[in-house]
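Colleague: fold the stuff below for me.
(2 chains)
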Amino acid sequence: MMKKITILAATTALTAAIAIPAWSLAQRPADPAGHALAALEDELRELRLLLASADDDDDTHHRRGHDDDDDDDDDDDDDDCRGTACRGGGNPAPAGTVAPPQNGLFAPGAAPKAQVN
Amino acid sequence: MKSVLAALALTTALTLPAVAVSARPVTLTTTLNAYGGDGAYLVLYVTDPQGAYAGSLWMAGGKSKYYKHLTDWFRATGGDPAQINGITGASVGAGRTLEITLDLADALFDAGYTLHIDAAVEDMRDSPNEIAVPLTREGAGTPVPGRRYIASFEYGM
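Modeller: Below you'll find the predicted structure:
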């Protein structure tokens, strides 16, 4: 009988020795050092996310030299210049920068003049 | 003596092309309707008596990506910039008047040539062959109405 009581007392003491400190730790308000550690962990997590995001945005691997983004309408517009749409290449030379074409319609060397009213 | 001959040959060579094409100053006046859209692209070009493209006189609008909307001209030229290098200016706003003065070859008048204008406006319907007017001396100074964007066109000489 004494032996059973001794074992019961020992297990109760052991349980109390483990549980009471754990319970008190759980109830204690968080300390500043713990906060700082948690904040540091958050920063590191965000940094990892930023780095991962930067990798996603790097389009140069996929576009092979075309380092433009799709929202740039001006550049996209230039992509219309394919096939026969721009035969001879690009936009024409504005009046006054080169001589008019020798198409037999004009007197040679006489550049047309234009004005908009 | 040799230098005089050389100078004579040079001046003759320089003068000959101007003599070869007899030309007169012609003013082409195009007035647009107030159609309520962006600036119009216009191309003025000439076809020969067989209806084949002979050449361009003026392009109003500098971005070649829009030339496909000047459908008849584009069909004839493939949008080749060489056809309009040096004769290209800005597009023309609604309600505005484009006035072009050029030395046009005499041979084009009363010989079956026709002056055409194709027009196009962004986000609006293309208007090929909006103007088609025979080049005659008699027709000078007579306004011709357009079909969609052009209120009137006339050439004066």
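Colleague: tell me who's in contact with the most centrally placed residue in chain B.
Modeller: By Cα atoms, centre = their mean, chain B has its centre lying nearest to residue B:57, at 2.6 Å. Residue B:57 sits next to A:105-106, A:112, B:28, B:44-46, B:87, B:100, B:102, B:104, B:115 when contact means Cβ atoms under 8 Å, 6 or more residues apart in numbering or on different chains. Bear in mind the C-beta positions are built from the backbone N, C-alpha and C, glycine included.
Colleague: what is the nearest of those residues to residue B:152?
Modeller: Comparing the contacts of residue B:57 against residue B:152 with Cβ to Cβ picks out residue B:28 as the nearest, at 11.8 Å.
Colleague: just the element for the closest one, please.
Modeller: Element membership for residue B:28 (DSSP states H and E) is strand B:23-32.
Colleague: elements contacting that strand?
Modeller: Packing contacts for strand B:23-32, counted by 3 or more Cβ pairs under 8 Å, 6 or more residues apart in numbering or on different chains; DSSP states H and E, involve strand B:40-47, strand B:97-105, strand B:150-156.
Colleague: show me how far the shortest one is from its chain's centre.
Modeller: Its chain's average C-alpha position is 12 Å from that of strand B:150-156, according to Cα atoms, centre = their mean, to the nearest Å.
Colleague: now swap in stretch B:108-123 and tell me
Modeller: Distance of stretch B:108-123 from the chain centroid (Cα atoms, centre = their mean) equals 7 Å.
Colleague: how about it: buried residues?
Modeller: Using 16 or more other Cβ atoms under 10 Å in any protein chain shown as the burial criterion, the residues of stretch B:108-123 that qualify are B:108-109, B:113-121.
Colleague: from these, which land in strands?
Modeller: B:114-121 (DSSP state E).
Colleague: closest one of those residues to chain A?
Modeller: Closest approach between these and chain A, by Cβ to the nearest Cβ: residue B:115, at 10.0 Å.
Colleague: identify the bridge partners of the closest one.
Modeller: On the basis of DSSP bridges, residue B:115 is bridged to residue B:46, residue B:133.
Colleague: and the residue nearest to the centre of chain B, what element?
Modeller: strand B:53-60.
Colleague: which one of the buried residues of stretch B:108-123 is nearest residue B:128?
Modeller: For the buried residues of stretch B:108-123, the closest approach to residue B:128 (Cβ to Cβ) belongs to residue B:118, at 4.8 Å.
Colleague: pretty sure residue B:146 contacts residue B:119?
Modeller: Yes - the pair residue B:146 / residue B:119 is scored as a contact, 7.3 Å apart, by Cβ atoms under 8 Å.
Colleague: anything in contact with each of these two?
Modeller: B:127, B:130.
Colleague: adding pLDDT, write the buried residues of stretch B:108-123 out as JSON lines.
Modeller: Formatted as JSON lines, the buried residues of stretch B:108-123 follow (pLDDT from 0 to 100):
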{"residue": "B:108", "pLDDT": "92"}
{"residue": "B:109", "pLDDT": "93"}
{"residue": "B:113", "pLDDT": "95"}
{"residue": "B:114", "pLDDT": "96"}
{"residue": "B:115", "pLDDT": "96"}
{"residue": "B:116", "pLDDT": "97"}
{"residue": "B:117", "pLDDT": "97"}
{"residue": "B:118", "pLDDT": "96"}
{"residue": "B:119", "pLDDT": "96"}
{"residue": "B:120", "pLDDT": "96"}
{"residue": "B:121", "pLDDT": "94"}
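Colleague: going by distance to residue B:155, which of those residues wins?
Modeller: residue B:115 (7.0 Å).
Colleague: ok now do that closest one, which residues does it touch?
Modeller: By Cβ under 8 Å, 6+ apart, the neighbours of residue B:115 are B:28, B:44-46, B:57, B:131-135, B:155.
Colleague: looking at chain B, which helix or strand is least sure?
Modeller: helix B:2-20 (a mean of 48; mean pLDDT, DSSP states H and E).
Colleague: nice, that's everything, thank you.
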